[in-house]
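Asks: for reference, the sequence and a predicted model appear below.
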Amino acid sequence: MSTFNAFEAHKAQAEYCKRTGAPHFAPKNGICWSCKSSIYQKKETVYNKGTNREERFESGITVEQASNKLVTGCPHCNRSYCD
């Protein structure tokens, strides 16, 4: 199950970094400085490139993901936080 909760995901990422000794690359406020979106919120993008077919794409970092992997970039705009 994927749980989107900005407060809990932010806390989980901080705990992950502390537990593993990894650097905390994610913005401290959870807002991407490139696209100004919350990296811990679900965002749905719909693509329709001149066809009758829509393609939906979901992005965002869930609590589970923040608990188990290092955040190194924005899931929405793909801006790297570690270069």
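Replies: Cool, the structure landed.

Asks: spit out the contact partners of the spatially closest residue to Phe4 that is not a sequence neighbour.
Replies: Distances taken as C-beta to C-beta, 6 or more residues apart in numbering put Lys42 closest to Phe4, at 4.5 Å, once the chain neighbours are dropped. To be clear about C-beta, it is placed using only N, CA and C from the backbone, and glycine gets the same treatment. With contacts defined as C-beta atoms under 8 Å, 6 or more residues apart in numbering, the neighbours of Lys42 are Phe4, Glu58, Ser59, Gly60.

Asks: Tyr81 versus the last one, what's the distance?
Replies: Computed as C-beta to C-beta, to the nearest Å, the Gly60 to Tyr81 distance reads 15 Å.

Asks: determine the three-state secondary structure at Cys17.
Replies: Classification of Cys17 using DSSP: H, G, I helix; E, B strand; the rest coil returns helix.

Asks: contacts for stretch 69-83 next, please.
Replies: Outside stretch 69-83, the residues within contact range by C-beta under 8 Å, 6+ apart are 13, 16-17, 20, 22-23, 25-27, 32-35, 37, 39, 43, 59-61.

Asks: how long is that stretch from one end to the other?
Replies: 18 Å (C-alpha to C-alpha, to the nearest Å).

Asks: may I see the buried residues of it?
Replies: By neighbour count, with 16 or more other C-beta atoms under 10 Å as the criterion, the buried positions of stretch 69-83 are Val71, Gly73, Cys74, Pro75, His76, Tyr81.

Asks: I'm done for today, thanks for sticking with me.
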